[in-house]
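Just the structure for this:
(chains A and B)
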Number of protein chains: 2
Amino acid sequence: MHQGSDGSLRATYLVRAAAGDVAARAEALLLEQAVELPRTAAARDPWVAAHILGRVEECRPAGDGLHRVTIAQPLATTAGDPAQLLNVLFGNSSLQPDIVLSDVELPDAAFDWLPGPRAGIAGLRALVGVTGRPLLAAALKPMGLRPAQLAALCGTFARAGLDLVKDDHGLADHPFCPFEARVESCLRAVDDAARDVGRMALYVPNLIGTPDRIMRQLDFARRAGVRAVMISPMLVGLPLLHQLASLADGLPVIAHPAFGGLLRAEEPALFGKLFRWFGADAVIFPHAGGRFSYSPGTCAALAAELRAGHPRVRPAFPAPAGGIKVERVGELLEFYGRDCILLIGGSLYEAGDSLFERTRHLVERVARTASAEPGR
Amino acid sequence: MHQGSDGSLRATYLVRAAAGDVAARAEALLLEQAVELPRTAAARDPWVAAHILGRVEECRPAGDGLHRVTIAQPLATTAGDPAQLLNVLFGNSSLQPDIVLSDVELPDAAFDWLPGPRAGIAGLRALVGVTGRPLLAAALKPMGLRPAQLAALCGTFARAGLDLVKDDHGLADHPFCPFEARVESCLRAVDDAARDVGRMALYVPNLIGTPDRIMRQLDFARRAGVRAVMISPMLVGLPLLHQLASLADGLPVIAHPAFGGLLRAEEPALFGKLFRWFGADAVIFPHAGGRFSYSPGTCAALAAELRAGHPRVRPAFPAPAGGIKVERVGELLEFYGRDCILLIGGSLYEAGDSLFERTRHLVERVARTASAEPGR
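Now for the predicted structure:
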């Protein structure tokens, strides 16, 4: 349901409280988000009471001692700013142990200043020239390899037919593998591979550091010919994602979830909505059954949020990852359908000297499965 | 104990695991942090095995099904960068539900690139001209007031003798209260008050937004005469704190914990160590017994970390806040001693038209208590 037509933002929280206490708890939550004062003190100014305070809109039992509390808050509280949006959604309340941020709905006017994905699913597909099947991606690793070694891996993946080859999110600007040398070497590798196989893989470098450093990395990457980049928004700051996605001359952004273990935010809200709204073109997350704990339901909901129709925001690619085995590709295709990026990691590397063959096998398998199911 | 003399960073985690499984779990955690590959795949490169992999250093029962696992990792994995430091400490592993980041130790060499507080306790004391007692601070709120109203509050607090008057962390660059107008009005207010009472309160504006916006806000604030600023590092990105604290012409930074509800990091490690190392001069946190849930033990440990002696990093002010009542000031002085900033909020505002008298009463009480206990 598309809510928010009255111009309010709506935040839904799971609140642990006894039935007799939940109304007071919801009122306290409402006051915490914007005015951070008792109601009598906040409402001394009538304009504040009318235009800032918002209201508790719904408060219903959710089982297991939990209540689902929805607060409607004037969009004006956000100041049209991404950091302030996070603040009025889950600033102080993130520090309270009885509350989980469960969902967010924004009115259309918020997308005057929330960029959403620059390229999105269609734009990334156009960049790699692939329709009708999932994109295939692998990460360059481990940290510690030098640029020539990473470039050799990158070339192998590109020749084997992967669509994207991205840096591991732990590849920074290390003295043993400087950002600029790595980018130049890997771009050369996908270029060389393209001359051999007639198709250009997309090399996606990882930007990491302070905002100043990231802007310099972006600038270098763009001038070198990079066409998409990766960041970890929770590490570098979600507002920086917004800044990158809003640049006139920016690039598509793949978002990595590192440092995102906000236990008190449900994953579809944080990674599925906020990451997309702030501008991620594809969002990496751990698929169920790997070495992380996300349930199939969480993964499905997260993917659904990323791809959901929206009047103002392009759909973004779900990019399931995290210990995915080559053997599970059929199951993943079944689960996510074709609009996803399958990010295969360690299980390719375990092939050792047979890396090319194993990658090639994966590519062919996905192509076969997708063409056998034209309807998906 | 000051560890890390062998040049490694040490991260300690609380890991939930059966006694028979914990060694394997610790090995998996080690691999996750840097190489994110199975050991056989990572160790194919001997340089990686020797210089990147690190080792599990300790693994001992911590009661209640938990184990304390310490990993020693080469400092080189951090690339001398604050975002990458967070990544190798708690990047992917923050997404795993059986792990809490419990503690961090850094070797001295890390402070070649971690700035720590610019001013710290001594520098902030010099700015406000107060020794021998806690500093007193209040926040300007609620969101929704216009610059003239906030400036009137600011003047009242300054005349009543507060040392710092800071923006609430929810005051952004709202159209109804633009950043620049607010800063100019509040600076004028503390200036006017200083002419009357002979002592200048420190007005601390809140910077919030994308990194670009924050840099512009800082620039404006500095030119207008502001001498310290506040940010919420978890909202705007911890690496931006590092950037601000590293500027040649920057200002002291007070850090607010909003959006910091990383349940899986223990508060003394996140707010007490990382915030300080990244450059906060004072760190706001909810004191025990307010409307947040921190225990007295957590608060004491957090304050101890902020003030702990360090060969390279200045001590930073603990700034307990969060529903502190004026009536509890004696107890707080007892708890924190004199090197703290007492941040009193709603309980001053509840005084309504007697705001000046109530604030004045608070100031006198702190002065009396401190002079009665010269030894503390």
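
Show me the residue at the heart of chain A, geometrically.
When CA atoms, centre = their mean is applied to chain A, the residue found nearest the centroid is residue A:283 (3.2 Å).

Now do the closest residue to residue A:228 other than its chain neighbours: how many residues are near it, please.
What sits nearest to residue A:228 in space, not counting adjacent residues and going by CB to CB, 6 or more residues apart in numbering or on different chains, is residue A:252, at 4.3 Å. All C-beta spots, glycine's among them, are computed from the backbone N, C-alpha and C. Residue A:252: 25 surrounding residues under other CB atoms under 10 Å in any protein chain shown.

who are the neighbours in contact with the residue in chain A that chain B sits nearest to?
At 1.8 Å from chain B, residue A:237 is the closest residue in chain A, using CB to the nearest CB. By CB atoms under 8 Å, 6 or more residues apart in numbering or on different chains, the contact set of residue A:237 is A:211, B:211, B:235, B:236, B:237, B:238, B:239, B:240.

For burial, what's the neighbour tally of the second one?
Burial measure for residue B:211: 26 neighbouring residues, criterion other CB under 10 Å.

Isn't it up against residue B:231?
No. Counting by CB atoms under 8 Å, residue B:211 sits too far from residue B:231 to count as a contact (10.7 Å).

Now for these two: what residues contact both?
Common contacts of residue B:211 and residue B:231, defined by CB under 8 Å, 6+ apart, comprise residue B:240.

about what we covered before: make sure the residue nearest to the centre of chain A is actually in contact with residue A:307.
No. With contact defined as CB under 8 Å, residue A:283 does not count as touching residue A:307 (10.6 Å).

about what we covered before: do I have it right that the residue nearest to residue A:228 meets residue A:121?
No. Look at residue A:252 against residue A:121 with CB under 8 Å: they stay out of range, at 10.6 Å.

which residues are in contact with both of the two?
Shared contacts of residue A:252 and residue A:121 (CB under 8 Å, 6+ apart): residue A:281.

for the residue nearest to the centre of chain A, helix, strand, or coil?
Here residue A:283 is recorded as strand under DSSP: H, G, I helix; E, B strand; the rest coil.

if you skip the residues just before and after it, what's nearest to the residue sitting furthest away from the middle of chain A?
Most distant residue from the mean C-alpha position of chain A: residue A:44, 41.1 Å away (CA atoms, centre = their mean). Spatial nearest neighbour of residue A:44, excluding adjacent residues (CB to CB, 6+ apart): residue B:352 at 7.0 Å.

Same check on residue A:202?
The shortest distance from residue A:202 to any non-neighbouring residue, by CB to CB, 6+ apart, is to residue A:164 (4.8 Å).

Burial check on that neighbour, number of neighbours?
Counted with other CB under 10 Å, residues neighbouring residue A:164 total 29.

Who are the contact partners of it?
Counting by CB under 8 Å, 6+ apart, residue A:164 touches A:128, A:135, A:136, A:137, A:138, A:201, A:202, A:203, A:204, A:228, A:341.

name the element the fourth one belongs to?
Element membership of residue A:137, judged by DSSP states H and E, is strand A:135-140.

after that strand comes which helix or strand?
Note on strand A:135-140: by DSSP H and E, the next helix or strand toward the C-terminus is helix A:147-160.

Which elements pack onto that following helix?
Counting by 3 or more CB pairs under 8 Å, 6 or more residues apart in numbering or on different chains; DSSP states H and E, the packing neighbours recorded for helix A:147-160 are strand A:135-140, strand A:164-167, helix A:179-197, helix A:355-372.

what is the rounded mean pLDDT of that helix?
Helix A:147-160 carries an average pLDDT of 90.

for it, which positions count as buried?
Within helix A:147-160, the residues that qualify as buried are A:147, A:149-160, counting by 16 or more other CB atoms under 10 Å in any protein chain shown.

Same question for stretch A:340-351.
A:340, A:341, A:342, A:343, A:344, A:345, A:346, A:347, A:348, A:349, A:350.

Now these in CSV, please, with extra columns for pLDDT.
Converted to CSV, the buried residues of stretch A:340-351 look like this (pLDDT from 0 to 100):
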residue, pLDDT
A:340, 81
A:341, 78
A:342, 79
A:343, 75
A:344, 76
A:345, 70
A:346, 66
A:347, 73
A:348, 74
A:349, 71
A:350, 75
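
wait, which of the residues you listed is closest to residue B:59?
Taking CB to CB as the measure, residue A:346 is the one of those closest to residue B:59, at 23.1 Å.
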